[in-house]
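**Student:** What follows is a predicted structure for the sequence shown.
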Protein chains: 2
Amino acid sequence: MIDISQLNYSSADFWQQLTHLLAWEGVSDAAVTETVRNILADVKKRGDAAVVEYSCRFDRLNVSTMAELEIPLNRAQAALNNIPVVQRQALEQAAERVRRYHEHQKQDSWQYTEADGTVLGQQVTPLDRAGLYVPGGKAAYPSSVLMNALPAKVAGVKELIMVVPTPDGEVNELVLAAAAIAGVDRIFAVGGAQAVAALAYGTETIPQVDKIVGPGNIFVATAKGMVFGTVGIDMIAGPSEILVICDGKTDPDWIAMDLFSQAEHDEDAQSILVSPDADFLRRVSESIEKLLPTMERQEIITTSLNSRGALIQVADLDEAIEVANFIAAEHLELSVDDPAEMAKKIRHAGAIFMGRYTPEALGDYCAGPNHVLPTSRTARFSSPLGVYDFQKRSSLIQVSAEGAQPLGKIASVLARGESLTAHARSAEYRLKS
Amino acid sequence: MIDISQLNYSSADFWQQLTHLLAWEGVSDAAVTETVRNILADVKKRGDAAVVEYSCRFDRLNVSTMAELEIPLNRAQAALNNIPVVQRQALEQAAERVRRYHEHQKQDSWQYTEADGTVLGQQVTPLDRAGLYVPGGKAAYPSSVLMNALPAKVAGVKELIMVVPTPDGEVNELVLAAAAIAGVDRIFAVGGAQAVAALAYGTETIPQVDKIVGPGNIFVATAKGMVFGTVGIDMIAGPSEILVICDGKTDPDWIAMDLFSQAEHDEDAQSILVSPDADFLRRVSESIEKLLPTMERQEIITTSLNSRGALIQVADLDEAIEVANFIAAEHLELSVDDPAEMAKKIRHAGAIFMGRYTPEALGDYCAGPNHVLPTSRTARFSSPLGVYDFQKRSSLIQVSAEGAQPLGKIASVLARGESLTAHARSAEYRLKS
């Protein structure tokens, strides 16, 4: 039975209600933390041997060497050759579009020369090596392999190491096929905190990487948090969310299904619809009631909508924009007449899906942009996963002998103002008078 | 007495020795963690009242309202008017150069239209509001105010809130002057974990920000780590480091002073010199012995050089580059004939100081690039603080009705392959046949 929250912008306590609805605290379990800390320390110390042991224990495998846990690239290529051709084509077309979009994100080095010959600039280089965590078992998503691997490859990362647990020895053929398409360089059948540790510290067999990306369960997320600093990590994601703004002129069944597409992810996912049209909100409710019994994941959707969903009535689209900028949603769908105009007023969102023909699902799989997006209001300060996450910058400073004169004097004054006299004298040595 | 480590690339255990020399583990003290956790929770709950209490206790102030802790902008302007004119000019010239360099880092929105009318792009927006932590007391650095504030302002951040503790009521005039020059919008005389909490959660008086940047002590660093996710943060920095590569043709006194300029920061700072010229390494040692007694911070420099410094002999500059890429230094000085050519081979460094007339000190204060740089080998995956840290991206996806046909089919196949049928049906609704 659907009982989705109904909010109205005009209520005195609207913002309070909305804040309450959005509130999300990640689990912080002392037992998980302790377990992960031990696994990290053990893998750091014992390398391959520890990874093999944990894999046997947690994934119920029966192997004795790390070599047995490496999945050869020709095995991934075989998966690609063996999956149904319609799936292969869909994966390849999606990969091609994702690659093309991400090419636009590449950042180039630049520099400029000042009148006295001083050169200033920024040198952009790819990471040497990246690690890609891919969940195993039921939540194995080939699209996630493409979305995490392709930006790294476009950035020019030389070696991309994928880890994916194979509980009871079960491998996901679509995931392997996606790895082959994306150009992953090595694949290991390991998962959990032990996989994160192996990537962060390196073992005899698994090379140390510079950054680890990709989704995982609470053990993986906790491990990523702990190794941050030794390696880079992507954002630790909260539950997925969609905010749909609709003017009331889109088929309510479409909008209901768009809300479902978010809610079906898990019970904590959040689907919110904002509209100035009260009658439309009612019709979407009816569509929800009507369509829900036809959904494979009816139970998850119901729980998600009842606990975290909402239908919000506003007076006009300006109020809707205000709500959207407060929520800073991971996915923002603008199902309105002039979405481009409205998008200009959006200050915070992970991805903006514009118009009635752009359901989130297209962006999740194949439109081109990345589906790894900032959740839980973090779009206020962070960005989709992109090529820029696999590039880094070095400042370039080449001061000419002439340029060192005025700059040395400024530096000397400021350094002495901070009582850093070695700084001052280092600058003063370069002065000619 | 100076007893700096001497390493030789040709030693069998060179890489092991180097790894040992570079090893750095940040302090992770359970007592600090607990203290900070309590302060954060208290400020989150009680707001201004808690901040006022902690400020009175830790900074030995005697105030009863938050309003008394706001430093008006005209007070900062007065500081700027009152400092010696040579300092004012140095700060203004440095700010102007830093601003000009950072203008080059601004990223713009982009989009492209496909043949079927589908529009894809990326919308770049500034953060709404940023918080800048500035240490008080002895480690008060006006240059740090400029380096943290100016990129935010260039990015277009509307409101920049600075917090700076004033122990015993003491304010640093140069810091206030720098705030006035940089265009800081509001200033509060609060520090420590309570300041970080106020910025992260907001209080009745201090507005919630979207990102907190700036250096601080272990309480501040721990607090920043804990509020990450609620707000963005910059990197949590380790001790400062310099790696100098010299071909032996720079005045050894200059190089010794460049090493000192890093070592004088604190006992944990790291200064390393690499050269293929054994005689030059010896001459720099002699310069160190000679110059050290003349340094104000002789003790700190001695401790730093003895415990963490090194002189490394290599066979040639190619080996030096290999060492530099392993160390991924925060500051890399290339004191050689053709530094531009050598810089192209550098894959990892925070900032590259090129040529004999570019000591690090110029970059620390006024060359233009930022002095907030990745430490402890994190230049392998991260970048200097920049305008890009105060901008974020939203993906733009506007699929045309025509474009929704092929994309809908691809998404449908992939979504069904992942058992996400609401995703599939949401895409299929947009299909016309």
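**Tutor:** Great, that's in hand.
**Student:** Send me stretch A:136-146 as CSV with only the CA atoms.
**Tutor:** Written as CSV, here are the backbone C-alpha positions of stretch A:136-146 (Å, rounded to 0.1, in the frame of the first residue of the first chain):
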residue,chain,number,x,y,z
GLY,A,136,30.0,-9.4,-7.4
GLY,A,137,26.9,-11.5,-7.0
LYS,A,138,23.4,-10.0,-7.4
ALA,A,139,24.4,-6.3,-7.6
ALA,A,140,26.8,-6.9,-10.6
TYR,A,141,26.4,-4.1,-13.0
PRO,A,142,28.2,-4.1,-16.4
SER,A,143,27.2,-0.5,-16.9
SER,A,144,29.1,0.4,-13.8
VAL,A,145,32.3,-1.2,-15.3
LEU,A,146,31.9,1.0,-18.3
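**Student:** Let me know the average pLDDT across that stretch.
**Tutor:** What stretch A:136-146 shows for mean pLDDT is 85.
**Student:** before we move on, what about stretch A:182-199?
**Tutor:** Averaging pLDDT along stretch A:182-199 gives 98.
**Student:** what does stretch A:164-179 give?
**Tutor:** Averaging pLDDT along stretch A:164-179 yields 95.
**Student:** Does chain B have contacts with it?
**Tutor:** Yes. If you take CB under 8 Å from any CB of the partner chain as the test, stretch A:164-179 does meet chain B, through A:L174. For glycine as for every other residue, the C-beta is placed from the backbone atoms N, C-alpha and C.
**Student:** who touches that stretch?
**Tutor:** The contact list for stretch A:164-179, computed with CB atoms under 8 Å, 6 or more residues apart in numbering or on different chains, reads A:55, A:58-61, A:71, A:75-76, A:79-80, A:82-83, A:87-88, A:91, A:95, A:133-137, A:140-143, A:145-146, A:149, A:162, A:187-192, A:195, B:417-418.
**Student:** Buried members of those residues into PyMOL, please.
**Tutor:** Of the contacts of stretch A:164-179, the buried ones can be selected in PyMOL as follows, counting by 16 or more other CB atoms under 10 Å in any protein chain shown:
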select buried, (chain A and resi 55+58+59+61+71+76+79+80+83+87+88+91+95+133+134+135+136+140+141+142+143+145+146+149+162+187+188+189+190+191+192+195) or (chain B and resi 417+418)
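**Student:** What about the contacts of stretch A:164-179, which are in helices?
**Tutor:** A:55, A:58, A:75-76, A:79-80, A:82, A:87-88, A:91, A:95, A:142-143, A:145-146, A:149, A:192, A:195, B:417 (DSSP state H).
**Student:** The closest residue to A:P239 other than its chain neighbours: neighbouring residues, count only.
**Tutor:** With CB to CB, 6 or more residues apart in numbering or on different chains as the criterion, A:P239 has its nearest non-adjacent residue at 3.8 Å, and that residue is A:D268. Under the neighbour criterion other CB atoms under 10 Å in any protein chain shown, A:D268 is assigned a count of 16.
**Student:** Please apply the same query to A:K44.
**Tutor:** Residues lying near A:K44 (other CB under 10 Å) number 17.
**Student:** how close does it get to chain B?
**Tutor:** Distance, A:K44 to chain B, by CB to the nearest CB, to the nearest Å: 12 Å.
**Student:** what residues does the stretch 201-350 of chain A put near chain B?
**Tutor:** For the stretch 201-350 of chain A, the contact set with chain B under CB under 8 Å from any CB comprises A:210-211, A:229, A:231-232, A:236, A:251, A:253-254, A:257-258, A:260-261, A:263-265, A:295-297, A:301, A:332, A:339-340, A:343, A:346-350.
**Student:** Recalculate using a threshold of 7 Å.
**Tutor:** Selection of the stretch 201-350 of chain A residues close to chain B by CB under 7 Å from any CB of the partner chain yields A:210-211, A:229, A:231-232, A:253-254, A:257-258, A:260-261, A:264, A:295-297, A:339-340, A:343, A:346-347, A:349-350.
**Student:** Could you tell me the per-residue confidence at the residue nearest the centre of chain A?
**Tutor:** Taking CA atoms, centre = their mean, the centroid of chain A lies closest to A:V372, which sits 3.1 Å from it. With respect to pLDDT, A:V372 has a value of 96.
**Student:** what's it in contact with, if anything?
**Tutor:** Taking CB atoms under 7 Å, 6 or more residues apart in numbering or on different chains, we find A:V372 in contact with A:147-148, A:234, A:384-385.
**Student:** what do you get if the cut-off is 10 Å, keeping everything else the same?
**Tutor:** Residues near A:V372 by CB atoms under 10 Å, 6 or more residues apart in numbering or on different chains: A:144, A:147-148, A:151, A:213-215, A:234-235, A:237, A:330, A:350, A:384-386, A:389.
**Student:** Now, of the residues of the stretch 201-350 of chain A next to chain B, which are buried?
**Tutor:** Buried subset of those (neighbour count, 16+ other CB under 10 Å): A:210-211, A:229, A:231-232, A:253-254, A:257-258, A:260-261, A:264, A:295, A:297, A:339-340, A:343, A:346-347, A:349-350.
**Student:** Please flag which of those sit within strands.
**Tutor:** Within those, residues falling in strands by DSSP state E are A:211, A:232.
**Student:** Now do the helix or strand bottoming out on mean pLDDT in chain A and helix B:218-227, the angle between them.
**Tutor:** Least confident helix or strand of chain A, by mean pLDDT, DSSP states H and E, is helix A:218-227 with a mean of 92. Put simply, helix A:218-227 runs at 150 degrees to helix B:218-227, going by axes from the mean of the first three to the mean of the last three CA atoms, to 10 degrees.
**Student:** Centre of the chain to helix A:218-227, how far?
**Tutor:** Put simply, helix A:218-227 sits 15 Å off its chain's centre (CA atoms, centre = their mean, to the nearest Å).
**Student:** No further queries at this time; thank you.
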